[in-house]
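Participant: Mind folding the following:
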Amino acid sequence: MKKWNWMRLRLMPLFAAFLLLLGCTGSKAERKLLKDAASEIYSELEKSAKEASSDPVSDDKSNDGDSYAQDEEKEISPTASSKYDGVEIPVYTKENLSETIKHRYSYTVSYNHQMKNPNWVAWSITADHASGKVQRTDFWDDDDMPDPKGYLSDYYNSGYDRGHMCPAGDNKWSEKAMEDCFRITNMCPQDGGLNRGMWNSIEQQCRAWAKKYGKVYVVCGPIYLNQQHRKIGKNKVVVPEAFFKVVLCMEGTPKAIGFICRNQSQKGKKKTDFINTIDDVERITGYDFFSKLPDDIEDKVEAHADINEW
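Facilitator: As a prediction, the model looks like this:
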């Protein structure tokens, strides 16, 4: 039923009662004056109700899903709108995945409650994001994420860095963004040599591309290659054997590139030693990246990776 018809039906009983009252009180002249005034009131009500019909009726729908997968939180980032917004969110193509998805201020995280690590973290970097001056903050436990999960205490004396998935360098544009990126649920146990060496170099390269092209889309996360994993801390946070990062640029000629790094120091090596096509990263991780792209573009950019084209 249209909204203005619904409003009119709600108002009609009140208006009828008002007219009945008019017929029972006052002189004939007074009743005429009141009746004329009532007619004007009804006309105004009718006009207001019709104007309300121009507003779309919205349905507040929610999907509770299972205990993890649909526990979502949305915060709006002031990133400029784009027809490709959301293209960075991957789709898992294998068996069921333990996850809670949280939409943070500057990134989206899929958190794995079995591994106590993110499955993936996805975000976009703009030229402005890559040029901010907000300073780093402290690491903090994520009370917003349901248990089981990792805690800061699990990393103490573990021999591993708290390795950012969405890095601090991509969040210098906002204090809120910087704060969110220091949640422990944005971290994985990462070899210090990798975290401060090759992984940091790849992060810097992504920011350079954002400055060059205006915007790039990024997804990264852990890779588990073994059946048995090393674990750290009281909560047994799993140590990944490797990490992936995929990057998409839609400015100019669309292009994409992937990186896979073993979770160990890569001193003496070059970024080109870790380049993979998106197709290769998909095969290893089980994710379908950039699936919202038109099929012809997705097929082309995912089959080819050449850093010299960037």
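Participant: For the rest of this, base every contact and every neighbour count on C-alpha atoms.
Facilitator: Noted.
Participant: The residue positioned nearest the centre of the chain bridge partners, please.
Facilitator: Residue closest to the average C-alpha location in the chain (C-alpha atoms, centre = their mean): residue 108, at 3.0 Å. Per DSSP bridges, the residues bridged to residue 108 are residue 103, residue 122.
Participant: That one contacts residue 123, doesn't it?
Facilitator: Yes: if you go by C-alpha atoms under 8 Å, residue 108 and residue 123 touch, sitting 6.4 Å apart.
Participant: How about residue 272, nearest residue that isn't a chain neighbour?
Facilitator: Among residues not flanking residue 272 along the chain, residue 307 sits closest, at 7.5 Å (C-alpha to C-alpha, 6 or more residues apart in numbering).
Participant: Tell me the spacing between that neighbour and residue 199.
Facilitator: Plainly put, residue 307 is 16 Å away from residue 199 if you go by C-alpha to C-alpha, to the nearest Å.
Participant: on that earlier part again, if I pick the residue nearest to the centre of the chain, what's in contact with it?
Facilitator: Counting by C-alpha atoms under 8 Å, 6 or more residues apart in numbering, residue 108 touches 89, 101-102, 121-123.
Participant: One more: residue 241?
Facilitator: 222-226, 262-263.
Participant: doesn't residue 178 fall inside a helix?
Facilitator: Yes: under DSSP: H, G, I helix; E, B strand; the rest coil, residue 178 sits within a helix.
Participant: If you count surrounding residues, which of residue 307 and residue 199 has more?
Facilitator: Set residue 307 next to residue 199 and count neighbours by other C-alpha atoms under 10 Å: residue 199 wins out with 28 against 12.
Participant: Give me the helices and strands touching the helix or strand containing the more buried one, please.
Facilitator: Under the criterion of DSSP states H and E, residue 199 resides in helix 198-213. Using 3 or more C-alpha pairs under 8 Å, 6 or more residues apart in numbering; DSSP states H and E, the elements in contact with helix 198-213 are strand 117-126, strand 215-223.
Participant: Quick check: residue 195 is in a strand.
Facilitator: No: assignment of residue 195 by three-state DSSP gives helix, placing it outside any strand.
Participant: Confirm for me that residue 209 is in contact with residue 216.
Facilitator: Yes: applying C-alpha under 8 Å, one finds residue 209 in contact with residue 216, separated by 7.1 Å.
Participant: Neighbour count: these two, which is higher?
Facilitator: More crowded of residue 209 and residue 216, by other C-alpha under 10 Å: residue 216, with 25 against 19.
Participant: Report the contact partners of that one.
Facilitator: So residue 216 contacts 124-126, 206, 209-210, 247-250 (C-alpha under 8 Å, 6+ apart).
Participant: same question, residue 184
Facilitator: 139-142, 150-152, 162.
Participant: Farthest pair within those residues?
Facilitator: Maximum pairwise distance among the contacts of residue 184 (C-alpha to C-alpha): 13.7 Å, between 142 and 162.
Participant: Which one's more surrounded, these two?
Facilitator: residue 162 (23 against 18).
Participant: all strands for this protein, in order.
Facilitator: Taking DSSP state E to define them, one finds strands in the chain at 91-92, 100-103, 108-112, 117-126, 161-164, 187-190, 215-223, 231-232, 237-238, 242-249, 255-262, 275-276, 287-288.
Participant: Alright, calling it a day.
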